[in-house]
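In: Any chance you could fold what I've pasted below:
(one chain, ligands or ions: 1)
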Amino acid sequence: MATGFSASVDAMFERAAGLMDLGPGLQEKIRVCNATYTVRFGVRLRGAIHTFTGYRSVHSEHMEPVKGGIRYALSVNQDEVEALASLMTYKCALVEVPYGGSKGGLCIDPRAWDEHELELITRRFAYELIKRDMINPAQNVPAPDMGTGEREMAWISDQYQRMNTTDINGRACVTGKPLNAGGIAGRVEATGRGVQYALREFFRTSEDVAEAGLSGTLDGKRVIVQGLGNVGFHAAHFLQTEDGCRITAIIERDGAIHSPGGLDVDAVHLHIQENGGVKGFPGATFEPDGAALLEAECDILIPAALEGVIHAGNAANIKAPLIIEAANGPVTSDADAILRDKGTIVIPDMYANAGGVTVSYFEWVKNLSHIRFGRMQRRAEEARHQLLVDELERLSRARDVPWELSSDFKSQYLRGAGELELVRSGLDDTMRAAFQSIREVWRTRDDVSDLRTAAFVVAIGRIASSYRAKGL
Ligand code: NAD
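Out: Numbers count the residues shown, from 1 in each chain. A predicted model of the protein is given here:
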């Protein structure tokens with residue numbers, strides 16, 4: 001039985017690595033975490049010095065920079081940061097973004113401090129990491145994670161640029177920044193959007209859908225979401241508004257709400273912002289023991305909050321035939337075995353939530369190239385399309401053929417792709433390609449029965465090739 005987050009990830013890694021012929025020592029080299037830096041720093045706040053503890057863990061430098069979010073939560077600890085860093089290594093390899101894996105965390109309850117205080121704390125934490133090159137566009141590039149967002153990334157970016165005034169690529173030291181501070185369109189929604197694209201790709205093959213005991217499309221599927229933060233909200237919002245899913249329950253910190261007819265995700269999100277929780281949301285039933293709703297009837301379960309929420313104690317009771325891990329590590333390795341035996345299909349975290357790092361990669365490339373995507377091509381593309389439309393209309397008039405292009409078609413066809421369209425296209429392509437690489441292993445190898453093991457096989461294979469190519 002694996003105890004602890006790292007042990008759980010390692011157990012899943014070993015299960016897959018054991019099916020591969022990696023050669024002596026390489027398996028361990030890939031698995032272990034290279035280094036974890038712990039920093040304790042003081043900030044004078046409210047008339048006293050407060051000491052904070054933070055971490056930055058580098059799991060693998062087979063590619064650099066290394067990449068991974070910074071989490072703000074009281075529960076942050078070294079084991080958690082190392083486990084999350086290892087998942088970043090596998091995730092980046094799986095979706096072919098050229099990074100090693102890293103992660104950071106600060107033990108803090110962000111809701112206990114006001115904005116100005118959080119800025120002082122974040123800048124000081126960033127200072128400690130920057131001066132050791134643990135934030136650096138060429139070496140280590142953080143991003144948002146639980147408890148952090150665009151605001152914190154903007155502070156970190158500014159702090160780096162103040163300390164490195166001649167680094168022309170300074171903005172690329174962190175991703176997930178606001179648009180006006182070097183961010184990219186579509187980054188905030190990216191992880192949730194990626195969850196949607198992952199589900200769409202899964203539902204494209206009826207054979208896979210049938211394996212989960214389901215049929216048809218996403219339309220009308222009953223979905224339960226845990227955590228309506230950045231990832232959970234965007235996933236639920238897009239699935240509801242664009243794919244016709246019915247969000248039947250939402251689990252948050254203070255409990256859960258459910259309604260068989262479906263919940264309005266945007267309205268619940270607003271209610272949480274105004275009231276601090278889901279309790280009191282009109283027209284839904286409130287359940288104080290939120291985690292109990294993980295076991296409710298539904299078609300798709302989306303854990304999008306914390307690690308370890310589906311464990312040996314509740315896995316057998318999970319009724320969802322399909323789980324998509326929007327959070328990192330929501331299913332422990334023990335629970336994974338129970339779910340596998342039950343025939344539950346789990347779309348694993350390293351694939352399901354890779355949309356964030358994928359779009360972070362686009363942002364980093366944008367920062368290094370110092371130009372917005374689409375800026376050079378957009379109008380040229382529109383002009384070429386206009387030529388074709390004009391010619392078709394001229395032919396129609398010249399030959400007196402009574403047809404015309406619908407205005408809907410024309411407006412869609414004539415519009416050149418801007419940054420948001422390009423980001424979504426790149427993300428969709430990445431999610432489709434990565435799923436197909438997992439699926440190929442899942443469907444062709446008799447010794448691989450689940451998507452997680454297949455994903456690990458793909459990721460480990462790529463990391464191993466990288467080590468073999470460059471030596472250690
Ligand atoms: P977030 O802070 O925006 O949201 C987390 C949500 O979970 C909040 O609404 C919070 O209230 C809720 N929550 C906290 N404890 C809970 C509990 N015990 N029960 C139910 N809900 C609870 O964080 P996020 O960025 O959405 O990250 C969520 C998960 O997704 C994490 O595992 C993170 O590592 C992973 N992830 C995030 C990104 C990203 O781009 N933000 C990328 C990849 C993976």
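In: So, low pLDDT: which residues of this protein?
Out: 1-2, 472 (pLDDT under 70).
In: again, only using 80
Out: The model of the chain has pLDDT under 80 over residues 1-3, 402, 471-472.
In: Let me see the domain layout of it.
Out: Following automatic domain parsing, the chain resolves into domains at 6-189+436-469, 213-343.
In: Of those, which is nearest Gln196?
Out: domain 213-343 (4.4 Å; CB to CB). From N, CA and C alone the C-beta is placed, and that goes for glycine too.
In: Any part of the closest one near the ligand?
Out: Yes: counting by CB under 6 Å from any ligand atom, the ligand is contacted by domain 213-343 at 226-232, 251-253, 290, 304-306, 326-328.
In: Quick one, which of these are buried?
Out: 226-232, 251-252, 290, 304-306, 326-328 (16 or more other CB atoms under 10 Å).
In: Rebuild the domains of the chain as a markdown table, extending it with distance to Ala198.
Out: Shown next, in a markdown table, are these (distance: least, CB to CB, whole Å):
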| stretch | distance to Ala198 |
| --- | --- |
| domain 6-189+436-469 | 10 |
| domain 213-343 | 6 |
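In: Quick one, which of the ones you listed gets closest to Ala354.
Out: domain 6-189+436-469 (4.4 Å).
In: Could you pull up the residues touching the closest residue to the ligand within the stretch 101-250 of the chain?
Out: Closest to the ligand within the stretch 101-250 of the chain is Gly229: 1.6 Å, counting by CB to the nearest ligand atom. Contact partners of Gly229, counting by CB atoms under 8 Å, 6 or more residues apart in numbering, are Met146, Ala304, Ala305.
In: The second one and His237, how far apart?
Out: Using CB to CB, to the nearest Å, one gets 12 Å for the distance from Ala304 to His237.
In: is it true that Ser333 touches Gly4?
Out: No: if you go by CB atoms under 8 Å, Ser333 and Gly4 don't touch, sitting 10.3 Å apart.
In: my read: Gln159 touches Tyr127, true?
Out: Yes: assessed by CB under 8 Å, Gln159 is found in contact with Tyr127 at 6.1 Å.
In: If you count surrounding residues, which of these two has more?
Out: More crowded of Gln159 and Tyr127, by other CB atoms under 10 Å: Gln159, with 22 against 18.
In: The spatially closest residue to that one that is not a sequence neighbour: what secondary structure?
Out: Distance criterion CB to CB, 6 or more residues apart in numbering; nearest residue to Gln159, sequence neighbours excluded, is Ala126 at 4.3 Å. Classification of Ala126 by DSSP: H, G, I helix; E, B strand; the rest coil places it in helix.
In: residues in contact with Ala126?
Out: Per CB under 8 Å, 6+ apart, neighbours of Ala126: Ile135, Trp155, Ile156, Gln159, Tyr160.
In: Where helices are concerned, which of these count?
Out: Trp155, Ile156, Gln159, Tyr160 (DSSP state H).
In: Next one: the first one from Ile135, what distance?
Out: So the one you mean is Trp155. Computed as CB to CB, the Trp155 to Ile135 distance reads 12 Å.
In: ok, those two, which is more surrounded?
Out: More neighbours surround Ile135 than the other of Trp155 and Ile135, with 28 against 22 (other CB under 10 Å).
In: you'd agree that one is up against Cys173?
Out: Yes: under the criterion of CB under 8 Å, Ile135 makes contact with Cys173 at 5.4 Å.
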